[in-house]
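Peer 1: Structure here, sequence nowhere to be found:
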């Protein structure tokens, strides 16, 4: 059995190699082959948007060559193959992916290795090698929605690693590097066909989610049909390729005030300034409409960055009479802003609709 209570979907599964992913021990047997059914397991997890990685005590070049020979290397991101404790490898992978330990999983045939990871990283879910072929049937490996972005998640992360490597070698200011990426951000009203992608964003995004609230596809469909609400989805591309759907805004509009019920963006676009660009655009739109802005915020263990983004954009706790018409939700604080005209970003191109003021 896996340790702990599986309440969230696994985002990344870290594999041991010897006698787990493949039959035999590479240093002793020389020639190894995948255990029956695991090629299909890895491919299925990948198609669901669950990343696969490696933590193995082996010679790196030898082990990686075997993965390439077996046609499996392409599936694995951020492999850690060497002689350090496996808990260090799992922690590094989680940190580089910006994933919480509770969304990570580790599988190994050795009780000692499982115990070592469990001791250092108690939130990581642990599995035995015998459980490998059944992982795809478990609820924690079965996302509620599987979207176009899910199926290409690995390639998007691999593109982000290339982007980060180029950034590390770039000698100029960050703004110059961002301009070199040819970033294009598009904000559009969500269509019914996109709602599974929007729902997935509310499920997967934790650090840059202003309330931590999950909206189901049915909830979102009802809001799309409500003339007082806007459901907006953000996509981003650059010269390395698409990031996919990276942001969602749920906006309630009334005659004197607009309320941001939810703002969530993927951590993958934080370094691009995507959250700031969205807040500037919303602020400018509210200024054009002659209304104030309010923003719901519910503090969680991981979304401190979202509060900082709101504060940096000028939102404060100062009370305003404009908020008297808004209902209150227990546990949710409300930030306020009197909008002003906002300059366009000089590091990305933004395509977005005009949000007309509510009449009456």
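Peer 2: Now that the structure is in, tell me what you want to look at. Given the structure is predicted, the values throughout are model-derived calculations rather than measurements. Numbers count the residues shown, from 1 in each chain.
Peer 1: Report the rounded mean pLDDT for stretch 277-294.
Peer 2: In this model, stretch 277-294 has a mean pLDDT of 95.
Peer 1: Which positions in that stretch come out as buried?
Peer 2: 277-287, 289, 291-294 (16 or more other CB atoms under 10 Å). (Each C-beta comes from the backbone N, C-alpha and C, glycine too.)
Peer 1: Could you do stretch 109-116 as well?
Peer 2: Using 16+ other CB under 10 Å as the test for burial, stretch 109-116 gives 109-110, 113-114, 116.
Peer 1: for it, the distance to its chain's centre please.
Peer 2: Centroid displacement of stretch 109-116 relative to its chain, using CA atoms, centre = their mean, to the nearest Å, is 29 Å.
Peer 1: Secondary structure and distance to residue 255 added to the buried residues of stretch 109-116, as JSON lines?
Peer 2: Converted to JSON lines, the buried residues of stretch 109-116 look like this (DSSP: H, G, I helix; E, B strand; the rest coil; distance: CB to CB, whole Å):
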{"residue": "109", "secondary structure": "coil", "distance to residue 255": "64"}
{"residue": "110", "secondary structure": "coil", "distance to residue 255": "65"}
{"residue": "113", "secondary structure": "helix", "distance to residue 255": "62"}
{"residue": "114", "secondary structure": "helix", "distance to residue 255": "59"}
{"residue": "116", "secondary structure": "helix", "distance to residue 255": "60"}
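Peer 1: Let me know the closest of the residues you listed to residue 187.
Peer 2: residue 114 (45.0 Å; CB to CB).
Peer 1: In the stretch 101-250 of the chain, what residue spans correspond to strands?
Peer 2: Here the stretch 101-250 of the chain has its strands, by DSSP state E, counting those that start in this stretch, at 104-108, 125-128, 183-189, 229-238, 241-253.
Peer 1: packing partners for the shortest one?
Peer 2: If I follow you right, that is strand 125-128. Other elements packing on strand 125-128 under the criterion 3 or more CB pairs under 8 Å, 6 or more residues apart in numbering; DSSP states H and E are strand 104-108, helix 111-120.
Peer 1: so how far is that strand from its chain's centroid?
Peer 2: 23 Å.
Peer 1: For that strand, buried residues please.
Peer 2: 125-127.
Peer 1: between the residues you listed, which is nearest residue 245?
Peer 2: Residue 245 has its nearest neighbour among the buried residues of strand 125-128 in residue 125, at 26.5 Å by CB to CB.
Peer 1: looking at it, that closest one is touching residue 101, isn't it?
Peer 2: No: the criterion here is CB atoms under 8 Å, and residue 125 misses it with residue 101 at 9.4 Å.
Peer 1: Pull the residues that contact the helix-or-strand element of the chain with minimal mean pLDDT.
Peer 2: Within the chain, no helix or strand scores below helix 195-204, which has a mean of 74 by mean pLDDT, DSSP states H and E. Here helix 195-204 makes contact (CB atoms under 8 Å, 6 or more residues apart in numbering) with 9, 11, 143-145, 147-150, 190, 209, 213-217, 220-221, 224, 231, 233, 244-248, 262, 264, 266.
Peer 1: Spatially nearest residue to residue 155, not counting backbone neighbours?
Peer 2: residue 241 (7.5 Å; CB to CB, 6 or more residues apart in numbering).
Peer 1: Just list the residues touching that neighbour, thanks.
Peer 2: Here residue 241 is in contact with 155-156, 159 (criterion: CB under 8 Å, 6+ apart).
Peer 1: just residue 101 next, same as before
Peer 2: 91, 94, 121, 123-124.
Peer 1: Going through these, which ones are buried?
Peer 2: Of the contacts of residue 101, these count as buried by 16+ other CB under 10 Å: 91, 94, 121, 124.
Peer 1: so how far is residue 107 from residue 155?
Peer 2: Using CB to CB, to the nearest Å, residue 155 is found at 23 Å from residue 107.
Peer 1: Comparing these two, which shows the higher neighbour count?
Peer 2: Taking neighbours as other CB atoms under 10 Å, residue 155 and residue 107 compare with residue 107 leading, 23 against 15.
Peer 1: That one and residue 129 touch, don't they?
Peer 2: Yes: in this structure, residue 107 is within contact of residue 129 by CB under 8 Å, at 6.5 Å.
Peer 1: Common neighbours of these two, please.
Peer 2: By CB under 8 Å, 6+ apart, residue 107 and residue 129 have these common neighbours: 16, 20.
Peer 1: coming back round to it: with distance to residue 59 added, can I get the buried residues of strand 125-128 in CSV?
Peer 2: Formatted as CSV, the buried residues of strand 125-128 follow (distance: CB to CB, whole Å):
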residue, distance to residue 59
125, 28
126, 25
127, 25
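Peer 1: Export the residues you listed as TSV, with columns for distance to residue 312 and pLDDT.
Peer 2: What follows is the buried residues of strand 125-128, written out as TSV (distance: CB to CB, whole Å; pLDDT from 0 to 100):
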residue	distance to residue 312	pLDDT
125	35	97
126	39	98
127	41	98
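Peer 1: out of those residues, who's nearest residue 55?
Peer 2: residue 126 (12.1 Å).
Peer 1: what bridges to the closest one?
Peer 2: residue 106 (DSSP bridges).
Peer 1: Quick check: it vs residue 136, distance?
Peer 2: Using CB to CB, residue 126 is found at 17 Å from residue 136.
Peer 1: Understood, closing this out.
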